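Undergrad: only geometry, no sequence info:
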Ligand SMILES: [Zn+2]
C-alpha cells in the first residue's frame with residue numbers, strides 16, 4: 001500500500017497558492033514561454049486584454065488572433081482560445097504552450113526564479129513557439145452523405161406551412177414583420193416546397209466539461225424544439241444543406257431558451273459568467289449543427 005502523508009502539501013498546490021496569491025503567473029509565463037506569449041505579456045493591459053491576441057498554441061488558427069490572456073490572468077494563470085476554450089489555470093496555460101505533462105509543468109514552474117520552490121536542475125531549452133498553422137481537414141464524404149440523409153429525414157418529418165402544425169412558422173414570420181400571404185404566387189409553390197416546420201427538432205450542443213475546462217468532445221442533445229427548416233440550395237439548385245431556426249412556442253427565436261438549457265446541462269450559472277463567454281461558447285441558432 002502506498003504511504004500518504006496527509007500533512008504534506010503537494011508541490012502543485014504550493015505552486016498554485018504562491019502564484020495565485022501573489023499574482024505571479026505572467027512572470028512565470030515570461031520565464032517559461034517565449035514567442036507570441038512574450039508579446040502578449042508585454043502588451044498586457046487588464047482593462048483591454050481582449051485587444052491583444054495571437055495564434056493559439058494548441059490549434060493555431062487562420063487569423064493568428066484566436067488566443068489571448070484574460071483580465072485576471074496574472075492572478076489565475078488562465079488564458080483563452082476562441083475555439084479550444086478556456087485554459088482555466090496557469091498549469092493548463094503552460095501545458096498548452098509546452099506540451100508538458102502536468103507533473104513536468106509543475107516541476108518547471110516550481111523551479112522558476114519567480115516561484116523558487118525547488119532547486120532548478122532544469123534542462124529546459126528555451127521559448128516554445130506555437131504549433132504550425134492550422135489546416136482545413138479533408139472533407140469526409142461519407143459523413144457528408146450521412147448528414148444529408150439525416151437532413152432529408154428531418155425535412156420528411158416536418159409539416160407543411162399550409163398545415164395546422166405549420167402555423168407556428170406564420171407567427172414567426174409575422175413577428176419579424178414578414179407576411180407570408182404576400183409572397184408572389186409564382187414563388188409560393190417553391191417556398192412551401194423548401195420550407196417546413198418540424199415540431200420536435202433535436203438540438204445538439206457541446207456542453208461545458210468542468211473537468212477539462214473546455215467544451216466536451218462529443219455533443220449531446222439538450223432540447224427538442226419546434227424549428228423552421230429551410231433548404232439551402234447550391235448554384236445548381238440541388239439541396240446542399242438544411243438551415244434550422246429553433247423557435248419558442250410563441251414564434252420567436254429560441255436563442256435565450258437554448259442558452260438557459262445549455263447552462264443547465266453544463267452546470268453553469270449564467271449570471272456568474274461574462275457576456276463574452278456566451279458569445280464564444282453558447283449554442284446559437286445561427287450556428288446550426290445537426291450531429292449524431
Ligand atoms: Zn485554440
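TA: Thanks, I have it. These numbers were taken from a predicted model, which means no experiment stands behind them.
Undergrad: make it CA atoms for all contacts and neighbour counts henceforth
TA: Will do.
Undergrad: Contact partners for the residue lying closest to residue 69 once chain neighbours are set aside?
TA: Taking C-alpha to C-alpha, 6 or more residues apart in numbering as the measure, residue 69 lies nearest to residue 79, with 4.6 Å between them; neighbours along the chain are not counted. Residues in contact with residue 79, defined by C-alpha atoms under 8 Å, 6 or more residues apart in numbering, are 67-70, 73, 86-89, 93.
Undergrad: Quick check on residue 79: phi, psi?
TA: Backbone geometry at residue 79, expressed as degrees, to the nearest 10, gives phi -150, psi 170.
Undergrad: How much space separates it from residue 9?
TA: With distances defined as C-alpha to C-alpha, to the nearest Å, the gap from residue 79 to residue 9 amounts to 26 Å.
Undergrad: What mean pLDDT does the strand or helix carrying residue 151 get?
TA: Using DSSP states H and E, the element containing residue 151 is helix 141-157. Averaged across helix 141-157, pLDDT comes to 92.
Undergrad: So which elements touch the helix or strand of the chain with the lowest mean pLDDT?
TA: Of the helices and strands making up the chain, the lowest-confidence element is helix 275-281, at a mean of 77, by mean pLDDT, DSSP states H and E. Using 3 or more C-alpha pairs under 8 Å, 6 or more residues apart in numbering; DSSP states H and E as the contact criterion, helix 275-281 has no neighbours among helices and strands.
Undergrad: List the contacts of that helix.
TA: 82, 85, 215.
Undergrad: circling back to that earlier point, out of the contacts of residue 79, name the two that are farthest from one another.
TA: Maximum pairwise distance in the contacts of residue 79, criterion C-alpha to C-alpha, is 14.6 Å, between 67 and 89.
Undergrad: This protein - how does it break down into domains?
TA: 11-110, 141-281 (automatic domain parsing).
Undergrad: Quick check: residues of the chain near the ion?
TA: Where the chain comes near the ion, counting by C-alpha under 5 Å from the ion, the residues are 56, 59, 81, 84.
Undergrad: Neighbours of the second one, how many?
TA: Pointing back at residue 59 there. By the measure other C-alpha atoms under 10 Å, the count of residues near residue 59 is 19.
Undergrad: now do the third one
TA: Burial of residue 81, expressed as a neighbour count using other C-alpha under 10 Å, amounts to 23.
Undergrad: Deepest-packed of the domains of the chain, please.
TA: Each of the domains of the chain was assessed for mean neighbour count using mean count of other C-alpha atoms under 10 Å. The highest is domain 11-110, with a mean of 19.
Undergrad: Tell me which stretches of the stretch 51-200 of the chain form strands.
TA: With strands called from DSSP state E, counting those that start in this stretch, the stretch 51-200 of the chain shows them at 67-69, 79-81, 85-87, 159-160, 195-205.
Undergrad: Out of these, which gets nearest to residue 105?
TA: strand 85-87 (14.0 Å).
Undergrad: Give the pairing partners of the closest one; include direction for each.
TA: The strands that strand 85-87 pairs with in its sheet are strand 79-81 (antiparallel) (by DSSP bridges).
Undergrad: And the contacts of the strand ranked longest in the chain?
TA: With DSSP state E applied, the strand covering the greatest number of residues in the chain is identified as strand 220-233. Residues from elsewhere that reach strand 220-233 (C-alpha under 8 Å, 6+ apart): 155, 158, 169, 194-207, 239-249, 258, 261-262, 265.
Undergrad: Tell me how far that strand lies from the chain's centre.
TA: In terms of C-alpha atoms, centre = their mean, to the nearest Å, the centre of strand 220-233 is set 20 Å apart from its chain centre.
Undergrad: Neighbouring strands - and their directions - for that strand?
TA: Under the criterion DSSP bridges, strand 220-233 sits next to strand 195-205 (antiparallel), strand 239-246 (antiparallel) in its sheet.
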